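Q: Sequence first, predicted model second:
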Amino acid sequence: ELKVEQNPLFLSMQEGKNYTIYCNYSTTSDRLYWYRQDPGKSLESLFVLLSNGAVKQEGRLMASLDTKARLSTLHITAAVHDLSATYFCAGVTTSGTYKYIFGTGTRLKVLA
Amino acid sequence: DGGITQSPKYLFRKEGQNVTLSCEQNLNHDAMYWYRQDPGQGLRLIYYSQIVNDFQKGDIAEGYSVSREKKESFPLTVTSAQKNPTAFYLCASSMASGGDGGLETQYFGPGTRLLVL
């Protein structure tokens, strides 16, 4: 059964610094998603990674996927306060029907 | 505008009462999902449906029921059997997977916050 783990669970960082959020998954996942959630709000899709070595970038966020290591990373470059949110990664089961399995999330706080 | 709507935004349930959360989408998506989110936690799958008139239990289906009579609608009923229903409920939809690696990103509604009186 697919399990998805994120670390760290909490991240407090200064503006202008770089950091990486890690997402490990236990078995083969058809693809890997990253979402953002602001407090009290719904989830917003950030990236979908389909294959080994895939890299996607949007602004200060860059996501990558290593299917051999079963690892995805979300790298934050020169963080700004507006990036403060909770970030979730999610995998998809590949046996039978498709189910999305979410990690527990990383709560990011960027300090001015 | 295409999107997913959920109503109500806040819902209060009395003990022993069944309540129904609405989810509607006009994205022409085949698949729809219900998740529960507890404070500081990730999302847990309650039910999902890939086609009309068919649905499957997720990881925490006990105490919940759904129907899928129309493609655009997937209401969730929280029954009196659900003893701890206080949570944030999120509905999502996506294109059904064809197994061809197509993009099946889930799109989420704004959520319903359920509180017990």
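A: Nice, I can see it. Numbering: from 1, shown residues only, chains lettered A, B, ... in the order given.
Q: buried set for the worst-scoring helix or strand of chain A on mean pLDDT?
A: Between all helices and strands in chain A, the lowest mean by mean pLDDT, DSSP states H and E belongs to strand A:100-102, at a mean of 90. Within strand A:100-102, the residues scored as buried using 16 or more other C-beta atoms under 10 Å in any protein chain shown are A:100-102. (Each C-beta comes from the backbone N, C-alpha and C, glycine too.)
Q: Tell me the residues of chain A that contact chain B?
A: Contact residues, chain A versus chain B (C-beta under 8 Å from any C-beta of the partner chain): A:30-31, A:33, A:35, A:41-45, A:48, A:50, A:88, A:90, A:92, A:97-105, A:107.
Q: Where does pLDDT dip in the chain?
A: Here I'm looking at chain A. Along chain A, segments meeting pLDDT under 70 span A:30, A:95-97.
Q: The chain in question should be chain B.
A: In the predicted model, chain B carries pLDDT under 70 at residues B:1-2, B:97-103.
Q: what separates the residue nearest to the spatial centre of chain B from B:P8, distance-wise?
A: Residue closest to the mean C-alpha point of chain B, counted by C-alpha atoms, centre = their mean, is B:W34 at 2.4 Å. Using C-beta to C-beta, to the nearest Å, B:W34 is found at 15 Å from B:P8.
Q: swap in A:Q14?
A: Taking C-beta to C-beta, one finds A:Q14 at 40 Å from B:P8.
Q: One more: A:Y98?
A: With C-beta to C-beta as the criterion, A:Y98 and B:P8 are 29 Å apart.
Q: now swap in B:L115 and tell me
A: With the distance defined as C-beta to C-beta, B:L115 ends up 11 Å from B:P8.
Q: Any idea how many residues pack against B:V19?
A: 19 (other C-beta atoms under 10 Å in any protein chain shown).
Q: Next up, the contacts around it.
A: For B:V19, the contact set (C-beta atoms under 8 Å, 6 or more residues apart in numbering or on different chains) comprises B:11, B:13, B:77-78, B:114.
Q: Just the buried ones from those?
A: Judged by 16+ other C-beta under 10 Å, buried ones among these: B:11, B:13, B:78, B:114.
Q: looking at the sheet around the second one, what are its partners?
A: This means B:R13. B:V116 (DSSP bridges).
Q: Of the residues of chain A next to chain B, just the buried ones, ChimeraX syntax please.
A: Applying 16+ other C-beta under 10 Å to the residues of chain A next to chain B, the buried members can be selected in ChimeraX as follows:
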select /A:30,31,33,35,42,43,48,88,90,92,98,99,100,101,102,103,104,105,107
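Q: Give the buried residues for whichever helix or strand comes after the least confident helix or strand of chain A.
A: Note on strand A:100-102: by DSSP states H and E, the next helix or strand toward the C-terminus is strand A:106-111. By neighbour count on 16+ other C-beta under 10 Å, the buried set for strand A:106-111 is A:106-108, A:110.
Q: And the residues you listed, which is closest to chain B?
A: A:R107 (7.8 Å; C-beta to the nearest C-beta).
Q: What's the separation between that closest one and A:S84?
A: The gap separating A:R107 from A:S84 is 9 Å, by C-beta to C-beta.
Q: What of A:L32?
A: 23 Å.
Q: now do B:K14
A: B:K14 is 37 Å from A:S84, by C-beta to C-beta.
Q: Neighbour count: these two, which is higher?
A: Shown here are B:K14 and A:S84; by other C-beta under 10 Å, A:S84 has more neighbours (17 against 9).
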